[in-house]
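> need coordinates for the following:
(chains A and B)
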Amino acid sequence: MGQIVLTKVRKAFGEVEVIPGIDLQINDGEFVVFVGPSGCGKSTLLRLIAGLEDISSGKIEIDGKDATDAPPGKRGLAMVFQSYALYPHMSVRKNIAFPLKMAGMSEAEQNARIENAARVLNLSNYLDRRPGQLSGGQRQRVAIGRAIVREPAAFLFDEPLSNLDAALRVVMRQEISELHQKLKTTMIYVTHDQVEAMTMADKIVVLHAGRVEQVGSPLELYNAPANLFVAGFIGSPKMNFITGPEAAKYQAHTIGVRPEHVEVSKDGDGWEGKILLAEHLGSDTFLKVACPVVGEMTVRGNGEMGLHHNDTIRLKPRADRIYRFDDKGLALK
Amino acid sequence: MATRQTQSLARLMRAPAIILLLVWMLVPLAMTLYYSFLNYNLLSPGQTSWAGFFNYQYFYTDPAFFESIKNTIILVLGVLTITVVGGIAIAMLIDKPIFGQGIVRILVISPFFVMPPVAALIWKNMIMHPSYGVFADIAKFFGANPVDWFAQYPLFSIIVIVAWQWLPFATLILLTALQSLDGEQMEAAEMDGAPAYSRFIYLTLPHMARAITVVILIQTIFLLGVYAEILVTTNGGPGFASTNLTFLIYRAARLNFDIGGAAAGGIIAVVLANFVAFFLMRAVGKNLD
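Presented below is the predicted three-dimensional model:
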């Protein structure tokens, strides 16, 4: 079991209100990702759930029990830290055994669980090493191992992949997703990387300045962003926003067009523009285009497009893929 | 830049300093060794003669010798225990954010700035004195008889004074170690359900092991040679109750004017210090790599 319910959770550090009040329900077995720009309160929210920070007001329930004032060790949650936070003077085995030892578990039971975790995480050959002798990915796995042996109600991940290089990050991302499918335990994952959020989550919580902007599945957020912030944050490259007379044609204050939803032609319909920058990735081409009518646009095309700096092209947004927003930045239905 | 030329040049440039240090160490050591085999008394400095191992035998058979060794060990171990345990406790206290932290830290460190004879005199005359010391006042307030510390517990009193002087050093080193302890590790342990004392045993102490080793090694070196505190308080007495090896050597040289005997004692002290250093390095030195 691992259902977590937050009710009007508020956190202030002195005068500064970091989280003005959040209501959120996380269901058993869900992979929930908190995503948002740095300083949006996502890590703070995770630490409130973990019990590493006291909440200023509100209520946290874990599996139906009030855990608002419970100490971190008593909440039945396990956390994987950004710096891994392994105990440097203990071997991998002792690191993983530490929570079990603290729980007063028998030696035999401890060993069984450690062996099991080591097998799941491919750590069996490293059990007698110290964390300092391991690579970044291995340390990450030890940190996860230390979390899974406890068989917690939920796992909390605090930007666990940000210290790894790009290639390893992709591998570990998949490993964590597979682990979730294997264990079917609730996971809460904090990241500022929207690619991680989109690829891993069952449910994404987009946070901005301590407020929940939108909660939904990755594709819900992509297809129906609730407001300008979510629209701009989810999707890479970023959505283009157009205001003024061109937006008014669609009865909106602002319209949003994703770079992948623009048709490019040499001469045809649409906004005329000059290519400022063309990035050729082989599989994709990213264009930065200066359009006199709508301003600067980013465009993504499939494959090699044969376009270069200073070429003049025409851009036509796909009519069914135009996002409309009112003057408060909220999506228009 | 590690070419052959730069290496030999570096050796050449280092040589004067190394030679100076070597001479500074070897000449006094050689002279002490030489004097220890002479009959050489300052009351008749002209009449020196070869003594063989007589000085060593004389020093070794002196009943005060073994008492002084015992006192030296008790002094070193006593001060080490107080400073390491107390240092950890104080370091953990002043590591917490408190009001007036800067001033508190300076106050904690300040005993280290007081030179040993002055500190010992203050303790002797203002704190431990049986008639106008602070301890005597406290005892009288509770209706008890004041304790004459230096007469009744001479070695203990000296341990207290020396520990008071070295506590800031231990605190300072241990505090810096404590400050480098990773906060996320502590939080991870908290999440793992470790109560405060387990976090101390399994995380804080192992983290401070290296700093504790440094404190023990450096303090042992200095504590083997404690002298000024004894000179201005008990003068080694009553009897030999607070005489350590250093003070015994001082007695031989400056009270009995027996240069040969004192030199022999000095050589014994050097051998003992190296003996201690050897075992200390074996016992705790592994924490340093």
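
> would you point out which residue of the stretch 51-200 of chain A is nearest chain B?
residue A:73 (3.3 Å; Cβ to the nearest Cβ). All C-beta spots, glycine's among them, are computed from the backbone N, C-alpha and C.

> could you say which helix or strand holds the nearest residue to that residue once chain neighbours are set aside?
Spatial nearest neighbour of residue A:73, excluding adjacent residues (Cβ to Cβ, 6 or more residues apart in numbering or on different chains): residue B:193 at 3.3 Å. Under the criterion DSSP states H and E, no helix or strand holds residue B:193.

> buried sites along the helix or strand containing residue B:18?
Here residue B:18 sits within helix B:4-35, counting by DSSP H and E. Neighbour-count burial for helix B:4-35, counted by 16 or more other Cβ atoms under 10 Å in any protein chain shown, picks out B:32, B:35.

> quick one: mean pLDDT over that helix.
Across helix B:4-35, pLDDT averages out at 90.

> which strands and helices sit next to that helix?
Applying 3 or more Cβ pairs under 8 Å, 6 or more residues apart in numbering or on different chains; DSSP states H and E, we find helix B:4-35 packed against helix B:259-284.

> now do the helix it packs on against helix B:4-35, angle only.
Inter-element angle recorded for helix B:259-284 and helix B:4-35: 130 degrees (by axes from the mean of the first three to the mean of the last three Cα atoms, to 10 degrees).

> circling back to that earlier point, if I read this right, the residue of the stretch 51-200 of chain A closest to chain B contacts residue B:196, doesn't it?
No. Counting by Cβ atoms under 8 Å, residue A:73 stays clear of residue B:196, with 10.9 Å between them.

> ok, the two, which is more surrounded?
Higher neighbour count among residue A:73 and residue B:196: residue A:73, with 18 against 10, using other Cβ atoms under 10 Å in any protein chain shown.

> which residue is nearest the centroid of chain B?
The centre of chain B sits closest to residue B:223, judged by Cα atoms, centre = their mean, with a distance of 1.7 Å.

> quick revisit: who's in contact with the residue of the stretch 51-200 of chain A closest to chain B?
A:102, B:190, B:191, B:192, B:193, B:194, B:195 (Cβ atoms under 8 Å, 6 or more residues apart in numbering or on different chains).

> of those residues, which is the nearest to residue A:279?
The closest of those to residue A:279 turns out to be residue B:191 (Cβ to Cβ; 42.8 Å).

> so who does that closest one touch?
A:50, A:52, A:72, A:73, A:77, A:78, A:79, A:99.

> mind redoing it with 7 Å?
A:50, A:72, A:73, A:77, A:78, A:79 (Cβ atoms under 7 Å, 6 or more residues apart in numbering or on different chains).

> inside strands: which ones of those residues?
Judged by DSSP state E, those include A:77, A:78, A:79 as members of strands.

> how about a markdown table for the residues you listed, with distance to residue A:188 added?
Below are the ones in strands among the contacts of residue B:191 laid out as a markdown table (distance: Cβ to Cβ, whole Å):
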| residue | distance to residue A:188 |
| --- | --- |
| A:77 | 9 |
| A:78 | 11 |
| A:79 | 9 |
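
> out of the residues you listed, which is most surrounded?
Among the ones in strands among the contacts of residue B:191, residue A:79 has the most neighbours (other Cβ under 10 Å), with 30 neighbours.

> so what's that residue up against?
So residue A:79 contacts A:50, A:147, A:156, A:158, B:188, B:191 (Cβ under 7 Å, 6+ apart).

> can you tell me, leaving aside adjacent residues, what's nearest to it?
Using Cβ to Cβ, 6+ apart, the nearest residue to residue A:79 is residue A:156, at 4.3 Å.

> which element is that neighbour on?
strand A:154-158.

> direction included, what does that strand pair up with?
The strands that strand A:154-158 pairs with in its sheet are strand A:77-80 (parallel), strand A:186-191 (parallel) (by DSSP bridges).
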